[in-house]
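Visitor: sequence and predicted structure, then a few things I'm wondering about:
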Amino acid sequence: MKEQFEQYSDAEIISKVLSGEIKLYEILIRRYNSFLYKIGRSYHYNHHDTEDLMQEAYISAYCNLKKFEHRASFKTWLTRLMLNHCYQKKRRLSYANEIVTAEPVTEKQDNVFQFSNNKDQMINKELGSVIENALLQIPEDYRMVFTLREANSLSIAETASALGITETNVKVRLNRAKTMLRSAIENMYSPNEIFEFNLIYCDKMVNSVMSYIHSLPTS
């Protein structure tokens, strides 16, 4: 299915889903699994909590798909839903006086953080946990901008829209985030290796969300 519908835009897939081809929602899940995972991990949630939040975001998006007006891209809309679920969970944990911990994981204005071409792949992987831990140490406001812009490749406008800040603030926060990280991780990573969402987890997420969707009563 993935190969057959890969050429379709988000809008085209959404139209087909709303027309009754519910199974095609899987394409959107697979398309944005890695994207949402990076957001959840950057919010300081561990792997399992992030998966739960991703599922909630996908289900929320599906249940409100008819309300999606295409004023922003589906990616931006889905980002807002994910950020909202992350924020709400953080509030609930705060009220309960609980502590959220993050486990170590493996994972353009300019390309100041790209790996040098002569770096060995194994070395790159070993550096992954160091890089991610460094990201988790910088303030959340800067970490989220960095993740959306650099790791998830959102435009400045899309990042501003998703976070509810100005484009100027996006640029300022991104530059500050890079300054915070540069001394430790300059030229030491490929954005795709940060908070990597394994294919095994991708299939699990698809099955979980689609199972829930198919259990919903038909209108």
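Guide: Structure's in. What do you need?

Visitor: quick check, central residue of this structure?
Guide: Leu36 (2.5 Å; CA atoms, centre = their mean).

Visitor: in this structure that one contacts Ala57, no?
Guide: Yes: with contact defined as CB atoms under 8 Å, Leu36 and Ala57 form a contacting pair (6.1 Å). From N, CA and C alone the C-beta is placed, and that goes for glycine too.

Visitor: now list whatever residues contact both of these two.
Guide: Taking CB atoms under 8 Å, 6 or more residues apart in numbering as the criterion, Leu36 and Ala57 both touch 78, 82.

Visitor: outline the domain layout of the protein.
Guide: 2-100+197-215, 121-193 (automatic domain parsing).

Visitor: a markdown table for these, including mean pLDDT?
Guide: Output for those, formatted as a markdown table (pLDDT from 0 to 100):
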| stretch | mean pLDDT |
| --- | --- |
| domain 2-100+197-215 | 89 |
| domain 121-193 | 80 |
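
Visitor: contacts only, for the residue nearest to Glu167 when sequence neighbours are not counted.
Guide: For Glu167, ignoring the flanking residues on the chain, the nearest one in space by CB to CB, 6 or more residues apart in numbering is Ala160 at 4.6 Å. By CB under 8 Å, 6+ apart, the contact set of Ala160 is 166-167, 169-170.

Visitor: swap in Tyr32?
Guide: 75, 78.

Visitor: export stretch 205-219 as PDB, just CAs?
Guide: Provided in PDB are the C-alpha atoms of stretch 205-219 (Å, rounded to 0.1, in the frame of the first residue of the first chain):
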ATOM      1  CA  MET A 205       1.800   2.100  15.700                       C
ATOM      2  CA  VAL A 206       0.000   1.500  12.400                       C
ATOM      3  CA  ASN A 207      -1.700  -1.600  13.700                       C
ATOM      4  CA  SER A 208      -2.600  -0.100  17.000                       C
ATOM      5  CA  VAL A 209      -4.200   3.100  15.600                       C
ATOM      6  CA  MET A 210      -5.900   1.300  12.700                       C
ATOM      7  CA  SER A 211      -7.300  -1.300  15.100                       C
ATOM      8  CA  TYR A 212      -8.800   1.500  17.200                       C
ATOM      9  CA  ILE A 213     -10.200   3.300  14.200                       C
ATOM     10  CA  HIS A 214     -11.900   0.200  12.900                       C
ATOM     11  CA  SER A 215     -13.500  -0.400  16.300                       C
ATOM     12  CA  LEU A 216     -15.200   3.000  16.100                       C
ATOM     13  CA  PRO A 217     -18.900   3.000  15.400                       C
ATOM     14  CA  THR A 218     -19.700   4.000  11.800                       C
ATOM     15  CA  SER A 219     -21.700   7.200  11.400                       C
END
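
Visitor: hmm, who's touching that stretch?
Guide: 22-23, 25-26, 29-30, 33, 51, 54-55, 58-59, 62-63.
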